[in-house]
Structures are given as C-alpha cells and as structure tokens.
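In: Fold the following, please.
(one chain, ligands or ions: 1)
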Amino acid sequence: MSSFLRVEGTKLVDGDGLEVILRGAGLGGWMNMENFACGYPGCEHQIRQELAKVIGKEKSEFFFNKFLQYFFEEDDAKFFKSLGLNCIRIAVNYRHFEDDMNPKVLKKEGFKHLDRVIDLCAKYGIYTIIDCHTAPGGQNTDWHSDAGTHIANFWIHKDFQDRLVWLWEQFAEHYKDNKWVAGYNPMNEPTDSEHTRVVALYDRLHDAIRKIDKNHVLFWDGNTFASDFSKFGDAHKNWTNSAYGIHDYSGYGFPAARELYSGTDEQRRRLRRSYEKKRQWMNERGLCVWNGEWGPVYARTEYEGDLTPQINESRYLVLKDQLAIYNKDRLSWSIWLYKDIGFQGMVYVSRETPYMKLLKDFLAKKHRLAADAWGADDTYVRPVYQPLIDFITKEVVPSEEQQHLYPWPVWKLPDRVARISRNILVSEFLLNEWAEHFRGKSEAELDEIAQSFKFANCLKRDGLNKVLTENARMVAESA
Ligand SMILES: O[C@@H]1[C@@H](O)[C@H](O[C@@H]2CO[C@@H](O[C@@H]3CO[C@@H](O)[C@H](O)[C@H]3O)[C@H](O)[C@H]2O)OC[C@H]1O
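Out: Model (predicted):
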C-alpha cells in the first residue's frame, strides 16, 4: 500500500491513477449501536444510561467494551475479504470521543477499538471510511443520530456545530497518515430543513480538515438522509478531493412496499428513477458519486412464517437489479450492513446465543409493538395509531400541504406519527425492561452474553452473500 486514494473527475483512483471501485458494507450497530441491529429499544445513549442504573456503571461499561471487542475481530475481516469486498464504512458515535459534560476534551480511549478495526481491515487489504453517524444535538430526525428526539437540534446551536468541527480536527490529526483509510464521511444523513446550513457547515468542516489533512477523500452526504443535493448550487467548487454520498434505499426492499418485487419493467424503471434522481446534481457537474448506504431488510421465519423464503427471494432480486445499475455506472457503494441480530446483516447473531436467548420474548414484544422504525411491520398496532393519523388529517391540518412537515417527502405523515409515538415515546417505556434482563449478572456472564456477537457465534445470510460474491467475481472478470 503506497498511496492515498483520491478523486479524479467522476472516479476514485490510487496513486498510479488507476481506478478503484469501493464495494463493501457499513459495519452496522457497532461504535454507533442501533435498536433494530442490536436488539434494544430507543437509542444508544438511553440504553447505556439505563443499563448503568440497573447493573452499575462499571459493569455496564465492561459489557459495552466486550461488545465492541467481539463484534469485529480477525475472523470477520477474513470472511469479509473472502467475499471479494474491499471497503468497510465505520459508523461512529461522537460520544466515544467527547463527553457532553466535558465538551472539546478528547477521550483518547475512543480510538482504542476504532484503530484496532481499521488496522485489522488494513491487514486484509480492506479500506475503511470513517462515518460520523451522530453529531452533538442530533444532525437528523431519526434514532441513529442518537439524540432521543425528532428535532435535529444540531442545526440551531452553534455550540454543537463548533464541537463537530473540533471533533473532525481530532480525527484528521489522528488518521492523516493512514493510507488504508479511504476517506472521511464527516456527517451521516443530515436533515437541515433550510438546506443552506448544511452547506455552510460543510464549508467549515472542509476548511478545518484540510488545514490538517490534505490527502483523504471527503465523502459528503446529501441533505435529507443523503437523498437531496438540489440546493447545493456551486458549493462543490469550494471542496477539494471530494465525493458525494447518496443513500439509495429502495422501497421495494422493505415490508411497506406497495407490492412484492419481481423485476417487472415498471419496477426496474422505478428503481433506476429513484437512484438517478439522487445523483442528478453530481451528474450535471461531473462529480464523483458514492452510494454510502443501500440494501433491503429481510423476513424472518419467527415473524413472517412460511412467506419468508418468497419474500427474501424477492429482496435478493431487488439487490441484484440495483447492483446491475451500479455496475453500469462503475459506482462505489457500501451496503447497509455487515452484522446485526438478523434483520439486514450479511452475518447475524444466532438465536442459540446467550444474548438472543436472554432477550427472546422481549424482542418478540418489541416486534409486535413495532417499536423500531426501520422496516417495521405495524400490523398489530395499526388500530392504535391510525386514529391519530386520521385525527391529524381531519381535525388538525385538513389541507394536505400543511401535512408536509420536513423531512417531507421522505417522512410522510404516517412516518412522522410512527417515529414520534412508537420509536421515541413507546421505546422510552421499554428501556428499563431491556436493561432488567441484565440484572444480577456477573462479569463472566456479561462477557459470555457479549460473546454472542463473535463471528463464530453468528450465522451467514447466504442468499445475500452469494449475490455480493457473484457480483464481485463478475466485475473482476470483466475488468
Ligand atoms: O443508520 C442507518 C441510517 O443511516 C439509515 O437512515 C434512513 C435512510 O432512509 C430514510 O428513509 C428512506 C428514504 O428513501 C426511501 O426510498 C426509503 O423508502 C426510506 O426508507 C430513513 O428515514 C433514514 O432513517 O437507515 C438505517 C439506519 O440503520
């Protein structure tokens, strides 16, 4: 490894000017844990608080540290590489590096696992992209920014913005010489309702990082969950060595899809249209595009029963058809996600592990209540929330236009009701129930529970991995 990757026109290239197409995955709920991926309700800072209340701070930190250790180790890197993939996007939570009660004081221990995983990936020839998935105050309206609210306060507090700039200075200083780090993704999925503050912030982040690190590629997500660059204007002219991140989730990959995907001409047209819309701004300017997140979720026999194989075959087809589009464009991408508890991951924690056995009934309850937002099936609770939706549409804001609160159009009214009443409110009441499962556990038991996330204790989603491997083989042969 002799060179940094860089952007040349629409491509990523190595030091010899040879094109490099990054094909890989987001690591998942690791240094930014997520409810559906890790099996808890709400968001990460809430379960950390709750577990500390139930088993004490020391034991709780012990557990989370073990979790971080076992989640990604040598076997994971080896397996990932064996699929023909070459890049892992690592989502990190700012809280590992800075305490809200002690702002702008670096927690050096935050780098312990991040360095370990970056070095492990490097050992196997896998690039990494550092993705700042949460910003102080919350840069978006969803659970994964770990704010615990649907108000993206990051955009209305300069202090929060200053702290993110400071954090990126720390990252840049720490990783500026690391050539296996393909680049930095300074902010995951902003939702700036004014569309201008995000551009001003990117200017600041760019200048701060470039003062320290002239080499790494910067991957800038579009506004509104990395779907919209339409208000970016000529902003790119200020940003050097930059690529632009879209997140190309297709509705066909989710339970709420209007129909099961079977690859009809009309469905393929929709798939392509939704992708092309997201990259239009880059196309018009000849800029480099990176698809930082995409991919379906999968049915599980415990919930979808006999329909599981049929649903999942349809989801694999969505995946294949998306890949066909991306291959034509020689697009770099990062599928969401590598490891979880069995909803979306390439590998997932076996139901026979201590963690999954411990939480079996709780997870079934959480599923029934549709407490997570990601790909939730709301069949059981729809009668509870539909009256609220009807009330808002009939009595509160009868005009459709007034129902279009940002982040519309990604959030329609039912999405908003789901996020606020289920993913935030109901989940709050479930936090203690989750944490109580750990009451009275010794360190040895907590260690054993955390080991559930080890590669050896995970199953592989063969259908998904087969599609990815065959694609890797095909692109390698046609190169
Ligand atoms: O951490 C990730 C997170 O980054 C990701 O965020 C979601 C991305 O998608 C958003 O909705 C989609 C927008 O495009 C439409 O075509 C799809 O149908 C929508 O699902 C969503 O609001 C974001 O939260 O999601 C997964 C997290 O684990």
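In: Give me the secondary structure label for the most far-flung residue of the chain relative to its centre.
Out: The C-alpha centroid of the chain is most remote from residue 395, which lies 36.4 Å away (CA atoms, centre = their mean). Put simply, residue 395 is helix when judged by DSSP: H, G, I helix; E, B strand; the rest coil.
In: pLDDT below threshold where in the protein?
Out: Applying pLDDT under 70 to the chain flags the ranges 1-2.
In: Using CSV, write out the CA atom coordinates for the longest strand along it.
Out: When the chain is parsed with DSSP state E, its longest strand is strand 332-340. The C-alpha trace of strand 332-340 is given here as CSV (Å, rounded to 0.1, in the frame of the first residue of the first chain):
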residue,chain,number,x,y,z
SER,A,332,-18.6,2.7,-5.5
TRP,A,333,-21.0,1.5,-2.8
SER,A,334,-21.4,0.4,0.7
ILE,A,335,-24.3,-1.9,1.5
TRP,A,336,-26.0,-1.5,4.9
LEU,A,337,-25.0,-3.6,6.8
TYR,A,338,-22.4,-6.2,7.8
LYS,A,339,-23.5,-7.6,11.2
ASP,A,340,-26.8,-7.4,13.2
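In: which helices and strands does it pack with?
Out: strand 23-28, helix 35-38, helix 74-82, strand 87-92, strand 288-293, strand 347-349 (3 or more CB pairs under 8 Å, 6 or more residues apart in numbering; DSSP states H and E). In short, each C-beta sits where N, CA and C put it, glycine included.
In: quick one, which of those is nearest to residue 5?
Out: strand 87-92 (9.7 Å; CB to CB).
In: Okay, angle between the helix or strand just after that closest one and strand 23-28 too, please.
Out: Sequence-wise, the next helix or strand downstream of strand 87-92 (DSSP states H and E) is helix 111-123. Going by axes from the mean of the first three to the mean of the last three CA atoms, to 10 degrees, helix 111-123 is angled at 160 degrees with respect to strand 23-28.
In: need the residues of the stretch 351-479 of the chain near the ligand, please.
Out: With CB under 6 Å from any ligand atom as the criterion, the stretch 351-479 of the chain meets the ligand at residues 374, 410.
In: In the stretch 351-479 of the chain, which residue sits nearest the ligand?
Out: Closest to the ligand within the stretch 351-479 of the chain is residue 410: 4.7 Å, counting by CB to the nearest ligand atom.
In: Hmm, residue 29 is touching residue 37, no?
Out: Yes - using CB atoms under 8 Å, residue 29 is in contact with residue 37, at 3.4 Å.
In: what do these two both touch?
Out: Overlap of the contact sets of residue 29 and residue 37 (by CB atoms under 8 Å, 6 or more residues apart in numbering) consists of 337, 340.
In: Can you get me a residue count around the residue of the stretch 351-479 of the chain closest to the ligand?
Out: Neighbourhood size, residue 410 [other CB atoms under 10 Å]: 16.
In: what does residue 75 give?
Out: 13.
In: Same question for the one 4 residues further on.
Out: For residue 79, the tally of surrounding residues (other CB under 10 Å) stands at 18.
In: Now for it: which residues touch it?
Out: Neighbouring residues of residue 79 by CB under 8 Å, 6+ apart: 347, 455, 460.
In: 7 Å instead?
Out: By CB atoms under 7 Å, 6 or more residues apart in numbering, the residues touching residue 79 are residue 455.
In: Give me the sheet partners of the longest strand of the chain and which way each runs.
Out: Strand pairing for strand 332-340, using DSSP bridges, gives strand 23-28 (parallel), strand 288-293 (parallel), strand 347-349 (parallel).
In: how about a markdown table for these, with mean neighbour count added?
Out: Shown next, in a markdown table, are these (neighbours: other CB atoms under 10 Å):
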| stretch | mean neighbour count |
| --- | --- |
| strand 23-28 | 26 |
| strand 288-293 | 25 |
| strand 347-349 | 24 |
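In: Now render the ones you listed as JSON lines, adding distance to the ligand.
Out: Below are those laid out as JSON lines (distance: least, CB to the nearest ligand atom, whole Å):
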{"stretch": "strand 23-28", "distance to the ligand": "8"}
{"stretch": "strand 288-293", "distance to the ligand": "5"}
{"stretch": "strand 347-349", "distance to the ligand": "14"}
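In: Can you show me the helices along the stretch 301-450 of the chain?
Out: 301-304, 308-328, 354-358, 360-368, 382-391, 413-417, 427-436, 443-450 (DSSP state H, counting those that start in this stretch).
In: Parallel or antiparallel, list what pairs with the helix or strand following the last one.
Out: In other words, helix 443-450. For helix 443-450, the following helix or strand on the C-terminal side (DSSP H and E) is strand 458-460. When sheet partners are counted by DSSP bridges, strand 458-460 sits next to strand 347-349 (antiparallel).
In: Residues contacting the partner strand, please?
Out: 338-342, 355-356, 452-453, 455, 457-461.
In: what distance separates that strand from the centre of its chain?
Out: Relative to the chain's own centre, strand 347-349 is displaced by 16 Å; criterion: CA atoms, centre = their mean, to the nearest Å.
In: separation between residue 245 and residue 380?
Out: 35 Å (CB to CB, to the nearest Å).
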